[in-house]
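sharing a model prediction with you, sequence too.
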Amino acid sequence: MKTISTVLLLLLGLVATPALAAKKPAEPLNVLLIAVDDCNTCLGCYGHPLVKTPNMDRLAARGIRFDRAYCQYPLCNPSRSSLLGGVRPDTTGIYNNQIRLRDVMPNIVTLPQLFINHGYYVARVGKLYHYGVPTDIGTSGLDDAPSWQEVINPRGRDKDLESDLINFTPQRGLGSALAWLAADGADAEQTDGKVADETIKLLEKHKSGPFFIAAGFYRPHVPDIATKKYFEWYPLDKVTLPQEPAEHMKNIPYAALTVQPPNYGLEEEKLRLFKRAYFASVSFVDAQVGKVLDALERLGLADKTVVVLFGDHGWLLGEHGQWQKSSLFEESARAPLIIALPKAETKGVCKRPVEFLDIYPTVADVCGLKAPTTVEGKSLRPLLQNPRAKWDKPAFTQVLRRDLKVPIMGYSVRTERWRYNEWDGDKAGAQLYDHDADPHEWNNLAKDPKYAQTISELKALLPKPVPLPAPPAKKKKKTG
C-alpha cells in the first residue's frame, strides 16, 4: 500500500523524485515574476502575424516558451489565488473576484511567502493578487499581506481619464466593458509606466540579493488605455475579426457561451476599433516589460535571476462571437508562460500541456527550495531541461456559470491533442475538439459516436466535482 500511495503522490506532483529534488544553487538565485493582466497569446513570440512584442519575444528567445500553458480558472482572482497559492480553485473554493485567499486558507504558505521564509527580500509592485481594474488602481485590492515585505501601488494618469473613454458597451461596468482610449502624454505617466519604474528602483536597491520581486502590469485589461504611438502601429485595415463557419455555433452548448448576443450585437467597425486598442495595449505593456528587462541586464542581474512572465488567463477577441474571459474555449483558458533561467543551456518552445499551478513548484525547485506538500502542481524543471521530455500530465481549467437559471460548473481537460469540456457533468452539454485537425475549435465532436471511447478516456481524467457554493442570499426589498 505504501508503494501505491507513493506512486499516486508522484502522479499528482506532490512529492519530487530523487533526480528532481530541490537542489540548492551555488549561490541563491533571484526571482523576477512578471504578471500581465488579461493577456492572451496574441504576441509576436507566439506567432501572431500583426502584434509587436519585441521585449517579450527576446525574453522567450533566452528561455522556454510554453506553447500550451493553461490557467486553472479564466478569471483574475481565482486564477491568481491558485497560481500564487499553488492549489486548485476547488481547493480554495474561490470562483469569483470577491474572496481573499487568506480568508479561506489562513495557514497557506504562498509562493512569495515561501521565499520570505528562506531569507529573501520579497516585494511586489502593482497587481499580483486581485485588484478590480480600473476601480482599485492605486490600492492594495485583495492583496495578501503575509506574502510581501514591501508593496507599491502605482496610480497613473489613466485613472484620471475615465471620463474620456470611448465605451462601446456602456451597459457594462468599466472592468468588463469594451472601452478604450488612445492617451496623450508619455508612457511613464501611465500606471504601467510607473509599475516599470518602481520595479527598476527595487532592483537597483536590492541588487545584492537574494530577492523575489513581482511586477504586476494592469493592461491589456479593459479599459484598454495606451499612449497614442502604439495605436499607430496597427492600421485599422490590418485589424480583422475571426472568419468562422457560421454553422459551427449550432453545436456549441448554451452554457459555453458567455456573450449573448454574439459580439454584444455590435457592428464590425466598433469591434475592430476595440481590437486595435487591445493590441496597442499589449504593445504598450511590452515596452514597459522591456524597460525592466533592460535594467536587469544593466545591473548585471540577468545571469542571477529566474524570470517568469505570464498572463493570468487568456482573452477572447471575437472567436465564436465571444469576448473577454470566463470561458473554456482555448483562447480564454490558454495564456502566455515564459520561463528564462539564468545561463540556461536549453532554449526553445515546449508544446507539452502545462498548468499555471505548476509555476509555484517550478520556481521553488530551480531555486533549491522545497515547496509545501499542499502544493498541487508539478515542477516543470524536466521541461526546462528538455522541452520535448516525456510529460503525460494534462491541464485542467474550470469555470462556474452563475448567470444561468441554476449555477453550474464547467470542467475542461486539455491534452496535447484534445480538449474536452463538460458542463454540469455533461447534463448541460459537452464539447470535444481535436486540436490536431481543428485548432480553432469549430467542430464539436462530442455527439459523434466515433469518439465515444476518446470521450470516455478524457472524462475519466476530469476531477470529481465538489459541491457548489450557495448563491448569495437575495436582499429583501425595503418597503414604506
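Thanks, I have it. Residues are numbered from 1 along each chain as shown.

next one: residue 221 relative to residue 98, how far apart?
Separation of residue 221 from residue 98 (C-beta to C-beta, to the nearest Å): 17 Å. Just so you know, the C-beta spots here come from the backbone N, C-alpha and C atoms, and that holds for glycine as well.

the two: which is more packed in?
With neighbours defined as other C-beta atoms under 10 Å, residue 221 and residue 98 compare such that residue 221 has more, 27 against 11.

where's the more buried one relative to residue 165, distance?
Residue 221 is 13 Å from residue 165, by C-beta to C-beta.

likewise residue 56?
In terms of C-beta to C-beta, residue 56 sits 26 Å off from residue 165.

okay, those two: which has more neighbours?
When residue 56 and residue 165 are compared for neighbours, residue 56 comes out ahead with 27 against 18, by other C-beta under 10 Å.

need the contact list for the more buried one.
Applying C-beta atoms under 8 Å, 6 or more residues apart in numbering to residue 56 gives the contacts 43-45, 286, 289, 309, 336, 338.

so where's this protein uncertain?
Low-confidence segments of the chain, defined by pLDDT under 70: 1-24, 471-480.

at 80 what do you get?
The model of the chain has pLDDT under 80 over residues 1-26, 469-480.

and for the residue nearest in space to the middle of it, nearest residue in space, chain neighbours not counted?
When C-alpha atoms, centre = their mean is applied to the chain, the residue found nearest the centroid is residue 312 (1.8 Å). Residue nearest to residue 312 in three dimensions, not counting chain neighbours: residue 79, with 4.7 Å by C-beta to C-beta, 6 or more residues apart in numbering.

count the neighbours of the one you found for me.
Quick note: residue 79 (other C-beta under 10 Å) scores 26 neighbours.

return the residues in contact with it.
By C-beta under 8 Å, 6+ apart, residue 79 lies in contact with 71-73, 312-313, 356.

so what's the closest residue to residue 385 other than its chain neighbours up against?
Nearest residue to residue 385 in three dimensions, chain neighbours excluded: residue 346, at 5.8 Å (C-beta to C-beta, 6+ apart). Residue 346 is in contact with 64, 384-387, counting by C-beta under 8 Å, 6+ apart.

likewise residue 468?
Contacts of residue 468 (C-beta under 8 Å, 6+ apart): 400, 407-409.

identify, from those residues, the entry nearest to residue 444.
Comparing the contacts of residue 468 against residue 444 with C-beta to C-beta places residue 408 closest, at 18.0 Å.

next up, phi/psi of that closest one, please.
phi -140, psi 160 (degrees, to the nearest 10).

same check, this time on residue 31
Residue torsions, per degrees, to the nearest 10, at residue 31 are phi -130, psi 130.

point me to the helix or strand that includes the closest residue to it other than its chain neighbours.
Counting by C-beta to C-beta, 6+ apart, residue 212 is the residue found nearest to residue 31 once chain neighbours are left out, at 4.4 Å. Assigned by DSSP states H and E, residue 212 belongs to strand 211-217.

show me what that strand is packed up against.
Secondary-structure packing of strand 211-217 (3 or more C-beta pairs under 8 Å, 6 or more residues apart in numbering; DSSP states H and E): strand 30-36, helix 111-116, strand 121-126, helix 191-205, helix 268-298.

cutoff 6 Å now
Packed against strand 211-217 by the contact rule (3 or more C-beta pairs under 6 Å, 6 or more residues apart in numbering; DSSP states H and E) you find strand 30-36, strand 121-126, helix 191-205.

looking at these, which is closest to residue 327?
With distances scored as C-beta to C-beta, the stretch of the helices and strands packed on strand 211-217 nearest to residue 327 is strand 30-36 (18.8 Å).

that closest one: how far from the chain's middle?
How far strand 30-36 lies from its chain's middle: 13 Å, per C-alpha atoms, centre = their mean, to the nearest Å.

which is the next helix or strand following it?
Using DSSP H and E, the helix or strand that directly follows strand 30-36 along the chain is helix 54-61.

can you check what angle separates that following helix from helix 268-298?
60 degrees (axes from the mean of the first three to the mean of the last three C-alpha atoms, to 10 degrees).

please save the CA atoms from helix 54-61 in CSV.
Only the C-alpha atoms of helix 54-61 are listed here, as CSV (Å, rounded to 0.1, in the frame of the first residue of the first chain):
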residue,chain,number,x,y,z
PRO,A,54,9.8,42.7,-29.2
ASN,A,55,10.6,42.6,-25.5
MET,A,56,8.6,39.5,-24.6
ASP,A,57,10.0,38.0,-27.7
ARG,A,58,13.6,38.5,-26.6
LEU,A,59,12.7,37.0,-23.2
ALA,A,60,11.3,34.0,-24.9
ALA,A,61,14.4,33.7,-27.1
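
what about the nearest residue to residue 98 once chain neighbours are set aside, how many neighbours?
Leaving aside its chain neighbours, residue 98 sits nearest to residue 77 (7.5 Å; criterion: C-beta to C-beta, 6+ apart). Residues contacting residue 77 under the criterion other C-beta under 10 Å number 25.

how near is residue 77 to residue 224?
Taking C-beta to C-beta, one finds residue 77 at 20 Å from residue 224.

same question, residue 248
28 Å.

and these two? Which one has more around it.
Neighbour totals were compared for residue 248 and residue 224, and residue 224 leads with 25 against 15 (other C-beta under 10 Å).

bridging residues for that one?
For residue 224, the beta-bridge partners under DSSP bridges are residue 180.

for the remainder of this discussion, apply numbering that starts at 56.
Will do, 56 is the new start, and the previous item becomes residue 279.

residues in contact with residue 124?
Contact analysis of residue 124 by C-beta atoms under 6 Å, 6 or more residues apart in numbering lists 392, 409.

and it, its phi and psi?
Per degrees, to the nearest 10, the backbone of residue 124 is at phi -110, psi 130.
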